[in-house]
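Engineer: Here is a sequence together with a model predicted from it:
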Amino acid sequence: MNPQAIPEEGRPTVKATVSRPSRGPVIDFSPEASCFDIEGLSLAYGDSPALEALTLRVPRHCVTAFIGPSGCGKSTLLRALNRLHDLDETVSHAGRIRLEGQDIHAPEVAVDDLRRRVGMVFQTPNPFPMSIYDNVAFGLRLRGVLTRRRRDDIVEWALTAAALWHEVKDRLRESAWSLSGGQQQRLVIARTLAVEPEVLLLDEPASALDPISTLKIEDLIRSLKGQLTLILVTHNMQQAARVSDYTAFLQQGRLVEYAPTDTLFTNPRLARTENYITGRMA
Amino acid sequence: MSRLWARRRAAGEGAGAWLAAGSVALSLLLLGSLLTLLAVRGLGHFWPASVALVELDDGRQLAGWTVRELPLPESEGRERLYFTGNRDRDGDVWEWLPVARIAAQTYPPELVVLERRRWGTFIGRLVAVEPGPETPGWESETAAPGDTAWARLAARLAALERLREARETLERETIRPLVRRLEADPEDTAARRALAAASERVAHLRAAMDETTLVLESVDGRRFRQPLVEVLAATRPNALSPLGKLVAWGRGLWRFLSEGPRAANSAGGVWPAIFGTVLMVLLMSLLVTPFGVLAAFYLNEVAHQGRLTRLVRIAVRNLAGVPSIVYGVFGLGVFVYGIGGTLDDWFFEDRLPSPTFGTGGLLWASLTLALLTLPVVIVATEEGLARIPAHQREGALALGATRLEMLSRVVLPMAVPAMLTGVILAVARAAGEVAPLMLVGVAKLAPQIPVDGDFPFLHLDRKFMHLGYHVYDSAFHGDDVQAAMPLVFATALLLVLVILVLNLTAIFLRHHVRTRHAALSRQ
Amino acid sequence: MIERFSASLPRTRRRHRRDRLASALITAGGLGVILAVLAIGVFLAVEAIPVLFDDGVSLARVEATLTPLAWGTLKAAFWALLFALPLALGAAMHSALFMSPRLRARLKPTLELMEALPGVVIGFVAGLVLAPWVERHLAGAAALLLALPAGALLAGGLWRWLPAGLRRRLPLAWAGLWLLPWLVALGWGAMALAPWLEGLLFGGDLRAWLAAELGLHYAARNALIVGLAMGFAVLPSVYALAEEALAGVPASLAEGAQALGATRWQALWRVVLPAAAPGVFAAVMIGAGRAVGETMIVLLASGNSALMSLSPLEGMRAMAASIAIELPEATPGSPDYRLLLLAALALFAFTFLVNTLAELVRTRLYRRYRRLGGPR
């Protein structure tokens, strides 16, 4: 894993190295260019392993997609990145995850601070049972006393960034549950953006939505990538191809192939990957 | 599954299916008959029944209303039970008469029914109203001298009520503060003088109230005099129009709800019992809500979800099935004798050996029932917490909330309806429980309600009356159970209504919560 | 664009402190409450067990005091279950498998309300209304007891001969409701016929006949009355649990049986009931626990005479009622007091064990349903 210089275009050059035959082709980024640096991560629910010796780096300010069959561990990996597994006492892990060079399991890291920096959007929209405004302001209120004006500004900015402002600006006081599913999901994204995370984890954010809402979410993802790192878990191959810059293919808790999205989808190196993306494997 | 089956035609299901259907119908029938019985007997008592004037074949006359009619035990024919009142004259209020011996039965409008403080009901005729020498304090009478005795009685009763109110106001607002001043400072001569003056006015009022007498005549012609003060209410049921009867019915119902019991709980109202029940239940819910919710949050949100927690959860659930009397025993042994006895030794030594907290009282009863209903609140709240989708919690955590912030801002508001359901169910259970109260503080007759104007206003050590215990006591220990029965029915109906309304509220709330959460997780 | 804001360090620290404090408080409070609740058993054991080893109180006395009470308790519970179980289980079977979903959605809360009726009211009605009435109309009551189940059967028999149109109007799915007036009419008929039958079969006086022929003495407040009243109180909880167990059986099981040509009743009896048997057993256990511990009903309707007779027409004295009457008068620490506490401990231990057993059985049953792909 040699550190590499970032070229002028801003996108790191790709150098695929076949490190071990079992692991398949995996691209690598320099530690400076990567946001998350995952090293030898293994994770198990009780006795059943979910991830095994996973090593990859996630580039900063890009969209990285994790794909793979159900139960391959892609959601598990995503949840490991902001330590949501802490809630489940049966989960044990080994290996290291670094965010901007710092181990996220280090004792001096406050887990709530980590989760603020690494925001997450879930499969089902989960607005809280309060008004639209209060949903977006939820994280702000936790952070400390802001003036009302400033809070209003941030709420407006976050809703605008999530492309929802024009739809809800006249009904900020209404219950968030009155919104449609797609709007709810964008509200959740706005709520996450409002606390200004560095990373946004998206766990199949459009799987519960209709096609039009899905397109809006995808547009949103593309528009956000200049400002923050996005990691997208999806079972929809077209979606991964449309929005992501890099794609990692996982299978049975192991990283199979990790490459720039166009390379992976047009010219996969391994037959397993090709079988999966062409749908020849259930 | 049942829907699928219901659509198909049910032919030839055999005997079992019909027996099963019959048991549904029979269960409903049992429930329906019990509720109907309570409603009819409980509410019917207040309806002013027509008073029959019965003439027997030997010429004897008596007045009263029919209670029931049965076949004669030994011979052919039937007999009727009449309620005749006039315990002071006849020594008894009941009269069994063979129907065959009744020569005539009429309903003369002039028959009056008086409710008296002592001796209960009088049934007969009103001959005259004799006012005493005019005393200041009586309002001028509205009835003209030539008017009937009945109109004068009504006017006098109204005036009597005003006098009674005046006396009570005087006692409450003048005498009691003065007595307290004197207790604090026995040398206060001004207070002593004022007290003497006030006492004199009270005596005056009392004399004014005492002076009117009624001349009454029972239907068999015996005359006697009755001081008006003793009379609580007077009606002429046979002269009332249906609307008048309805008004009298409403008034009777109101007096049942608002007055205290008389005649060893066999007459009067149940106001102290209502008050005691409500107060006890209120105190209990103040105790049980925070602790129950705390325990539920601990079990569901904080505790390590291992084998031990599962066992504790099963144990708590099972405690809901432990007989209430066992809780009563615990309350008596630990709260009353244990804690109460110790408190007495420490703080109320001067009053020993008569116990203050070392005997049953409001506080211990509330505590015992709080313990009894804790499992109900814990189970309901836990159910509510478990129904909150995990992604709501994760959403809050993903925004950087600490656990406390997640619990207090997202989980708690969503769990409120479930908590409320639990508390309402607990209140309904506590309102109906009698057995533990018999051990830890209920009273047959509590002269003082546990709240008054004396410091500390709420007397946690006092005994109190309870609707359920009132039912038990008057049905089981009364001198004349037959006479108390209508009131027991009314009390039982009241208790059942309170509990049904509480339960319906809880059922409605729970339904509301379930549909809301179902809608939430469908999205 | 809005500039970044960052959390101030002291505030973060304060939030964390508060979080830890609250977690500690919830833990302490929760544990405290749970310990307080569990302390009941400990208290009873500590106070009552020593009486067994006390020289001042001989074991013979313990036995003499507690045996009639235990007998009375079990007798009352037996008759209560005898009344409640057929009704509750029958109703559960009908509502889980035959009843229209709309009626079922109404019936369940109705029976839940029935469960909430206070024992003192049921006991009062049983002891002071029902007992004297049955005493006067013994033959009528017996006729009712026979006529009502027979009425349901008769309805089933007649129903098959009804014209199809009427049969559609009166479906089995709604039988729980339309059987009501039929049963009322039958009951009334039975009451009217009872004196005639009494004259024909028992020489005009059933009570005298019972005393002469069977040697049964009739007490107004007897085990049958207690059983009926307590059965009424126990019925809803048995129904609710049994219904839940039966309705939870995966539909595929019964459908499989029907596909082989079984009627719905046969499918219920041969397949659904065995599958749900643990749940039904748990329901019966819970019912037994409630019947044993119910105080006010036995107090008001049993007569409270410490008899040890088998006859259902005589009264008894139960543990719970005995505690309620005698404990307030017993001096704390005296042998009497401790004996009553021992009775309370027995009640506690019995109900707790029975409920735990039921709960364990139930949990395992639902795990099995989940494996079979049931609705839960």
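Structural biologist: Ah, there it is. Residues are numbered from 1 along each chain as shown, chains lettered A, B, ... in the order given.

Engineer: those helices in the stretch 101-250 of chain C, which residues are they?
Structural biologist: Remark: helices assigned in the stretch 101-250 of chain C by DSSP state H, counting those that start in this stretch are C:101-116, C:119-125, C:131-136, C:138-159, C:164-169, C:175-201, C:206-209, C:223-248.

Engineer: tell me the most buried of those helices?
Structural biologist: Highest mean neighbour count of these: helix C:119-125, a mean of 28 (counted as mean count of other C-beta atoms under 10 Å in any protein chain shown). Every C-beta, even on glycine, is put in place using the N, C-alpha and C of the backbone.

Engineer: That helix packs against which elements?
Structural biologist: helix B:15-44, helix B:412-432, helix B:467-476, helix B:481-522, helix C:223-248, helix C:296-301 (3 or more C-beta pairs under 8 Å, 6 or more residues apart in numbering or on different chains; DSSP states H and E).

Engineer: now the longest one against helix C:101-116, angle please.
Structural biologist: If I follow you right, that is helix B:481-522. 130 degrees (axes from the mean of the first three to the mean of the last three C-alpha atoms, to 10 degrees).

Engineer: where are the low-confidence patches of the chain?
Structural biologist: I'll assume chain A. A:1-25, A:145, A:280-282 (pLDDT under 70).

Engineer: Switch to chain C, please.
Structural biologist: C:1-10, C:54-57, C:372-376.

Engineer: Can you tell me the centre-most residue of it?
Structural biologist: Central residue of chain C (C-alpha atoms, centre = their mean): C:Val234, 2.1 Å from the mean position.

Engineer: Roughly how far does it sit from C:Met316?
Structural biologist: 17 Å (C-beta to C-beta, to the nearest Å).

Engineer: same question, A:Leu172
Structural biologist: 69 Å.

Engineer: Name the residue in these two with the higher neighbour count.
Structural biologist: More crowded of A:Leu172 and C:Met316, by other C-beta atoms under 10 Å in any protein chain shown: C:Met316, with 29 against 19.

Engineer: what number of residues lie near the closest residue to that one other than its chain neighbours?
Structural biologist: Excluding its sequence neighbours, the residue lying closest to C:Met316 (C-beta to C-beta, 6 or more residues apart in numbering or on different chains) is C:Gly72, at 3.4 Å. C:Gly72 has 29 neighbours, counted by other C-beta under 10 Å.

Engineer: Likewise for the one 4 residues further on?
Structural biologist: Neighbours of C:Ala76 under the rule other C-beta under 10 Å: 29.

Engineer: could you check the angle helix B:15-44 makes with the strand or helix carrying it?
Structural biologist: Assessed by DSSP states H and E, C:Ala76 sits inside helix C:59-93. Orientation check (the same axes, to 10 degrees): helix C:59-93 against helix B:15-44 gives 110 degrees.

Engineer: Remind me what helix C:59-93 packs against, helices and strands.
Structural biologist: helix B:15-44, helix C:50-53, helix C:223-248, helix C:273-293, helix C:296-301, helix C:319-326, helix C:335-372.

Engineer: Residue 92: neighbour count?
Structural biologist: Just going to use chain A. 13.

Engineer: meant chain C actually
Structural biologist: 28.

Engineer: just A:Ala94 next, same as before
Structural biologist: The burial count for A:Ala94: 12, using other C-beta under 10 Å.

Engineer: pretty sure it is in a strand, no?
Structural biologist: Yes - if the criterion is DSSP: H, G, I helix; E, B strand; the rest coil, then A:Ala94 is within a strand.

Engineer: quick one: contacts for it?
Structural biologist: By C-beta atoms under 8 Å, 6 or more residues apart in numbering or on different chains, the residues touching A:Ala94 are A:Gly40, A:Leu41, A:Ser42, A:Leu43.

Engineer: In the stretch 101-250 of chain A, what residue spans correspond to strands?
Structural biologist: Along the stretch 101-250 of chain A, counting by DSSP state E, counting those that start in this stretch, strands occupy A:102-103, A:118-121, A:199-203, A:229-233, A:246-251.

Engineer: Give me the buried positions along stretch B:62-69.
Structural biologist: Neighbour counts using 16 or more other C-beta atoms under 10 Å in any protein chain shown place B:Leu62, B:Ala63, B:Gly64, B:Trp65, B:Val67 of stretch B:62-69 among the buried residues.

Engineer: Restricted to strands, list these.
Structural biologist: Mapping the buried residues of stretch B:62-69 onto strands (DSSP state E) picks out B:Leu62, B:Ala63, B:Gly64, B:Trp65, B:Val67.

Engineer: And the strands in the stretch 101-250 of chain B?
Structural biologist: Assigned by DSSP E, counting those that start in this stretch, the strands in the stretch 101-250 of chain B fall at B:102-106, B:112-116, B:121-130, B:213-217, B:223-227, B:231-235.

Engineer: In the stretch 51-200 of chain A, what residue lies closest to chain B?
Structural biologist: Of all residues in the stretch 51-200 of chain A, A:Arg116 sits closest to chain B, at 3.1 Å by C-beta to the nearest C-beta.

Engineer: burial measure for that residue, as a count.
Structural biologist: Other residues near A:Arg116 number 24, with proximity taken as other C-beta under 10 Å.

Engineer: Also the one 5 residues further on?
Structural biologist: Counted with other C-beta under 10 Å, the burial measure for A:Val121 works out to 26 neighbours.

Engineer: about what we covered before: between the contacts of A:Ala94, identify the one with the most neighbours.
Structural biologist: A:Leu41 (23 neighbours).

Engineer: Do I have it right that that one meets A:Arg96?
Structural biologist: Yes - contact criterion C-beta atoms under 8 Å: A:Leu41 and A:Arg96 qualify, at 7.2 Å.

Engineer: What is the burial count for B:Ile339?
Structural biologist: Neighbour number of B:Ile339 under other C-beta under 10 Å is 15.

Engineer: Can you tell me the SS state at the residue nearest to it when sequence neighbours are not counted?
Structural biologist: Spatial nearest neighbour of B:Ile339, chain neighbours left out: B:Phe357 (7.6 Å); criterion: C-beta to C-beta, 6+ apart. Three-state call for B:Phe357 (three-state DSSP): coil.

Engineer: Local confidence estimate at B:Phe357?
Structural biologist: On the pLDDT scale, B:Phe357 is placed at 72.

Engineer: Next up, the contacts around it.
Structural biologist: Contacts of B:Phe357 (C-beta under 8 Å, 6+ apart): B:Val336, B:Ile339, B:Gly340, B:Gly341, B:Leu343, B:Asp344, B:Phe348, B:Leu363, B:Trp364, B:Asp461.

Engineer: Buried only: go through these for me.
Structural biologist: B:Val336, B:Gly340, B:Gly341, B:Leu343, B:Asp344, B:Phe348, B:Leu363, B:Trp364, B:Asp461.

Engineer: Ramachandran angles for the first one?
Structural biologist: Here is the backbone geometry of B:Val336 (degrees, to the nearest 10): phi -70, psi -60.

Engineer: do you know how far it is from B:Ala207?
Structural biologist: On the measure of C-beta to C-beta, B:Val336 and B:Ala207 end up 46 Å apart.

Engineer: Need phi/psi at the closest residue to B:Pro486 other than its chain neighbours.
Structural biologist: Distances taken as C-beta to C-beta, 6+ apart place B:His45 nearest to B:Pro486, at 3.5 Å, with adjacent residues excluded. Backbone torsions for B:His45, taken as degrees, to the nearest 10, come to phi -60, psi -30.
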